[in-house]
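Peer 1: Let me see the structure of the following:
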Amino acid sequence: MPKNAEMTSLAAWANPARMIFAAASVFAALVCSSAAQDARSGNAASAPLADYSSVVSDPIRSDSDRRTDERRRPVEFLRFAQVRPGMNVLDVSAGGGYTTQLLALAVGSTGNVWAQTPKLRESFEKRLTAHPQANIHTLVRPFEDPYPADAPRLDLITFVLNYHDVANEPVDRAVMDKRLFEALKPGGHLILIDHAAATGSGLRDTKTLHRIDEETVVTELKRAGFVLEERSAFLHNPDDPRTEAFFDMKTPSDRFALRLARP
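Peer 2: Numbering: from 1, shown residues only. From the prediction side, this is the model:
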């Protein structure tokens, strides 16, 4: 299917992970689908947590992903994000789909995961061709408008290891952060993880070391209306001097993990 093809029918909406939302009829179909899902699954935010060990060991996950698990710690990630079956989730800057696929397995058949990306990667398409998942839906949209304003509100947004990259692009992050805030239901959460820069360095190292200062991120998100709920050290590496780019390191970089809420 051409990467920029527009799917506007309900049948197309059901086609696994191949949709680009661009027409009002898509949004209408999405609203109907979400309403039906809510009737089946109830309040996803209060549902029992998923079995994260089973999610990580699912046979559809690739050997490459399993090697990545050692430094990404997916069980701890899913636990910190409090992912539950039936949730509607947006994965911002989905890249090759590592996080998207984990989330889709965790929310199960009653949930949905939208994978946002400004440009669809070949590696993402290959992943879903090898193992189609009906609850993964592709959103090819700019960062400043990552989710349709008239689509159903979300339970969870994830933004993993890419906020620093967005800071290197001509993106109005204040607009992006506000759109993410508005995309969530009241009580919904944003999980943001990134490579930690030196304390107080602001945006100085985003392009050279591909790191960002944690407090700079927190400040920007608070301006959009988010409330910081919890920080986690599950990806903390105290031996990282924060003076190298993460891809030049032999050990995992020091990474911060934030859970923020829309009140």
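
Peer 1: rest of the way, CA atoms for contacts and neighbours
Peer 2: OK.

Peer 1: Apart from its neighbours in sequence, what residue is nearest Arg72?
Peer 2: Leu235 (7.5 Å; Cα to Cα, 6 or more residues apart in numbering).

Peer 1: Verify the stated contact: the one you found with Asp254.
Peer 2: Yes: with contact defined as Cα atoms under 8 Å, Leu235 counts as touching Asp254 (6.5 Å).

Peer 1: Asp91 belongs to a strand?
Peer 2: Yes: under DSSP: H, G, I helix; E, B strand; the rest coil, Asp91 falls within a strand.

Peer 1: Show me what it is bridged to.
Peer 2: Ala115, Thr158 (DSSP bridges).

Peer 1: host element of Asp194?
Peer 2: strand 184-195 (DSSP states H and E).

Peer 1: model confidence over that strand, on average?
Peer 2: Taken as a whole, strand 184-195 carries a mean pLDDT of 98.

Peer 1: That one pairs with which strands, parallel or anti?
Peer 2: Sheet pairing for strand 184-195, using DSSP bridges, gives strand 154-160 (parallel), strand 255-261 (antiparallel).

Peer 1: tell me the mean pLDDT for the helix or strand harbouring Leu128?
Peer 2: Leu128 is located in helix 122-130, with elements delineated by DSSP H and E. Here helix 122-130 scores 95 as its mean pLDDT.

Peer 1: in that helix, what's buried?
Peer 2: Within helix 122-130, the residues scored as buried using 16 or more other Cα atoms under 10 Å are Phe124, Glu125, Arg127, Leu128.

Peer 1: Not counting sequence-adjacent ones, nearest residue to the first one?
Peer 2: Looking back up the chat, that one is Phe124. Gly96 (4.4 Å).

Peer 1: I'd like the distance between Thr216 and Asp194.
Peer 2: 12 Å (Cα to Cα, to the nearest Å).

Peer 1: the more surrounded of the two?
Peer 2: Asp194 (25 against 14; other Cα atoms under 10 Å).

Peer 1: And the helices in this structure?
Peer 2: 10-13, 24-41, 52-56, 63-72, 74-81, 98-107, 122-130, 163-166, 173-183, 214-223 (DSSP state H).
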